[in-house]
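Colleague: Generate a structure from the sequence data that follows.
(chains A and B, ligands or ions: 1)
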Amino acid sequence: MKVSSPQFKAKVVTALADPHLRDALGQSRKGFVNGRGALVADLPEFEQLRDQARDVKNHVLANLDHYLERFEAKVTAAGGQVHWAADAEDARQIILGICRRVGAKTITKGKSMVSEEVGLNEALEAEGYQVIETDLGEYIIQLADEPPSHIIAPAIHKTRAQVAELFEAAHGGPRKTTVGELVTEARLVLRDKYFRADVGITGGNYLVAETGSSVIVTNEGNGDLTQTLARVHIVTSGIERIVPSLEDVSLFQRLLARSGTGQETETYTTFSTGPRRPGDPDGPEEYHVVLVDNGRSKMLGGKFQDMLRCIRCGACMNHCPVYGAVGGHAYGWVYPGPMGSVLTPLFVGLDSTYDLPNACTLNGRCQTVCPVRIPLPELLRELRHAQRQAGLRPAAETRALKAWRFVAERPRLYRAANRLAARALKALDSGSGRLTSLPFGQAWSGLRDLPAPEGRTFLELWQARKRP
Amino acid sequence: MPPRVGLFATCLMNLFRPNVGFAAVKLLETAGCTVEVPLDQTCCGQPAYNSGDFEATRALAKQLIEAFEGFDYVVGPSGSCMATIRKDYPRLFADDPAWRARAEALAAKSFELISFLTDVRGVSSVDASYAGTVSYLDSCSGLRELGIKAQPRLLLGSVDGLALAEMADTEVCCGFGGSFCVKYPEISGRLADDKLARLTETGAGTLLGGDLGCLLHLAGRMKRCGSPVKVFHTAEVLAGLAEGSGIGGAVEGGGQ
Ligand code: SF4
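Modeller: You can find the predicted model right below:
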């Protein structure tokens, strides 16, 4: 997928002016946030589970090679095949290769952020395959020809009326008005495609090293139909999504839906281990797992390793005020919100993603809800540091910081500078107590007055030992 | 021997609202502390830290540690500055054992004003009055990094004549975020307006908070929109020094 993060600021302006976006985002996010809050309050051991989940992930990351090899051995033993994709191009070629070999025409897809990350749909469509997204949200944005704007609710930015309009155009009238009718219509259209599919592609919420299983978690059951009804099942997943055992899956399952959608559990949790065995009533003839690196192994052992704990629950963006104001598309790539602001610069490069780590107030709410305790604000600050090291920070900021540091390292000068500033700002005040325009501060005074200083600094008053 | 407290005069307090400094001194003295204000202090370095300039932050951190390490406690009227000292300083010197030890020692005795009064000095009420309904703004650094939530509410509950009306969404950021508020003014403005909408719902005539950054930002936005709500730092009310029309309000008698 093309990176449009450099247009962040322009997209923000458009997003803030869009009343539909505001409605759509406000409604669904409130549900997620309140749902999580209520469930967490009901589970006394929730904070302990977060500690355990963080520790399991850290253990896996410290022994990733071991678990990946174990997983591959188990998949092979079950009759499946593991493919290693070093980057996005690799991943596309591996999957295109399988589709060509089996003579596929129609491909169904369950929700997979990794397939978005590697730009799979475009590659498949360019070779003439019919690709059908089966997750309702993904289906909607496929019709709208838009990228997802949320990792677990890809069409969160669309209002019901907008969906009705898309369906009417795609399926041929009459326009539906209720959510129930819209869902039924999507079901009917999609049902037939599952049966015609040659290849079904899904993501993988967990890869279990102990058994060689891939696990998907959905609310619609679309992933199950995608992976059992097609002749060939391909799983796409990042190398970091591995867990040691089935026991660990149950730990993460207690956190995932609670954190993200605000549900105790999602409706379907489905384990796939190898292709159909003799005597099995259903299942695919072939089972492939494409393990995607695409920048992940570079994060191991470095300052950003913590980010590899992410289980893609969506809690950080649900609770992010900036995401809530501007929506997911402003971020300009596959992963939005706090986790995306860390991942995107690491995956696609610092130079085209300047705004992402900076458009954050560092309020820290994301970190308090992250089920695997990723210190997101700290990582964003580390990225700002990396931008500075790489000479990517704006020259004006660098100059200003340099001058400010010079003054701040000299207490006497600093006190004098503040005395001067207090007087200068006070002099601009005509008695209203506030300044409505600042000679060099339009970014502040465009939408705020500046409360005027009292005229003398605390330190000088303190020295003179008198009350203002 | 009363504990010797070094008052950290935060940049915004020093420049914009000295009254908050005097309120802090009064509250600390009432709580049995000796207060000194070392003059060789400047900024905690947070602006540099949040702009990714870790080297400048370390330089300023060292200066602050040297200025304050002789005191029993370091106290400042800001959750955000004190969180920098308590949480970020030790992390900044991860690779420098000698300075790391000094940073940790300082962090352990550094506190935000209101939580210092309640948690360290055991203060549970103040002798002050303020007539009116107020709402309290939880600033994010104080709330999440230092766990400041109950303490200001406890003390405000003891102020004569004051009624507290809580906003919805108290955990949600007001959009200040340091330089964020000028780097991304559109987003900052939207978040301010959302917060102010929650404030209006309470019907409160006064907004209080523990961080001048957030308060200047919201007061500035309210004045621009013609809101009559007054804004004070919590310490001003607790010390009985919340006089006049508040932050960004007209100065009575045309100033001093
Ligand atoms: S960073 Fe944490 S909260 Fe955000 S999606 Fe990943 S696991 Fe969930």
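Colleague: what's the burial count for residue B:75?
Modeller: Counted by other C-beta atoms under 10 Å in any protein chain shown, the residues lying close to residue B:75 total 30. The way it works is simple: take the backbone N, C-alpha and C, and place the C-beta from them, glycine included.
Colleague: May I have the secondary structure class of it?
Modeller: Put simply, residue B:75 is strand when judged by DSSP: H, G, I helix; E, B strand; the rest coil.
Colleague: Surely it and residue B:115 touch.
Modeller: No - between residue B:75 and residue B:115 there is no contact under C-beta atoms under 8 Å: 9.5 Å.
Colleague: any idea how far chain B is from the residue lying closest to residue A:78 once chain neighbours are set aside?
Modeller: The shortest distance from residue A:78 to any non-neighbouring residue, by C-beta to C-beta, 6 or more residues apart in numbering or on different chains, is to residue A:274 (3.0 Å). Distance, residue A:274 to chain B, using C-beta to the nearest C-beta, to the nearest Å: 46 Å.
Colleague: how many other residues sit next to residue A:274?
Modeller: Residues lying near residue A:274 (other C-beta under 10 Å) number 22.
Colleague: Provide the contact partners of the longest strand belonging to chain B at residue level.
Modeller: Ordering each strand of chain B by length in residues (DSSP state E) puts strand B:129-137 first. Applying C-beta atoms under 8 Å, 6 or more residues apart in numbering or on different chains, the contact partners of strand B:129-137 are B:152-153, B:156, B:159-167, B:170, B:174, B:195, B:199, B:202-210, B:214-215, B:218, B:234, B:237, B:240, B:242.
Colleague: could you give the mean pLDDT of the next helix or strand after that strand?
Modeller: Moving toward the C-terminus from strand B:129-137, the next helix or strand (DSSP states H and E) is helix B:140. For helix B:140, mean pLDDT rounds to 97.
Colleague: Could you confirm whether helix B:140 reaches chain A?
Modeller: Yes - against chain A, helix B:140 shows contacts by C-beta under 8 Å from any C-beta of the partner chain at residue B:140.
Colleague: all strands for chain B, in order.
Modeller: Here chain B has its strands, by DSSP E, at B:4-7, B:34-36, B:73-76, B:110-112, B:129-137, B:160-164, B:206-209, B:230-233.
Colleague: Which strands and helices lie in contact with the fourth one?
Modeller: When contacts are defined as 3 or more C-beta pairs under 8 Å, 6 or more residues apart in numbering or on different chains; DSSP states H and E, strand B:110-112 packs onto strand B:73-76, helix B:79-83.
Colleague: Quick one: closest of the ones you listed to residue A:266.
Modeller: Smallest distance to residue A:266 across the helices and strands packed on strand B:110-112 (C-beta to C-beta): 36.3 Å, for helix B:79-83.
Colleague: Do any residues in that closest one lie close to chain A?
Modeller: No - with C-beta under 8 Å from any C-beta as the criterion, chain A is not reached by helix B:79-83; the gap is at least 9.3 Å.
Colleague: Next, the buried residues of that helix.
Modeller: B:79, B:80, B:81, B:82, B:83 (16 or more other C-beta atoms under 10 Å in any protein chain shown).
Colleague: now swap in stretch A:52-59 and tell me
Modeller: By 16+ other C-beta under 10 Å, the buried positions in stretch A:52-59 come out as A:52, A:53, A:54, A:56, A:57, A:58.
Colleague: From the chain's centroid, how far away is it?
Modeller: The chain centre lies 20 Å from the centre of stretch A:52-59; the measure is C-alpha atoms, centre = their mean, to the nearest Å.
Colleague: Residues touching it, excluding its own?
Modeller: So stretch A:52-59 is contacted by A:243, A:244, A:248, A:251, A:252, A:255, A:308, A:309, A:311, A:371, A:372, A:373 (C-beta under 8 Å, 6+ apart).
Colleague: can you tell me which residues contact the last one?
Modeller: Looking back up the chat, that one is residue A:373. Shown in contact with residue A:373 (C-beta under 8 Å, 6+ apart): A:50, A:51, A:53, A:54, A:309, A:367.
Colleague: in chain B, what spans have low per-residue confidence?
Modeller: B:251-256 (pLDDT under 70).
Colleague: residue ranges for the strands of chain A, please.
Modeller: A:81-85, A:106-109, A:130-133, A:199-202, A:206-208, A:213-218, A:232-238, A:242-243, A:268-272, A:286-292, A:434-435, A:450-451.
Colleague: Show me what the second one is packed up against.
Modeller: Applying 3+ C-beta pairs under 8 Å, 6+ apart, one finds that strand A:106-109 makes contact with strand A:130-133, helix A:179-196, strand A:199-202, helix A:222-229.
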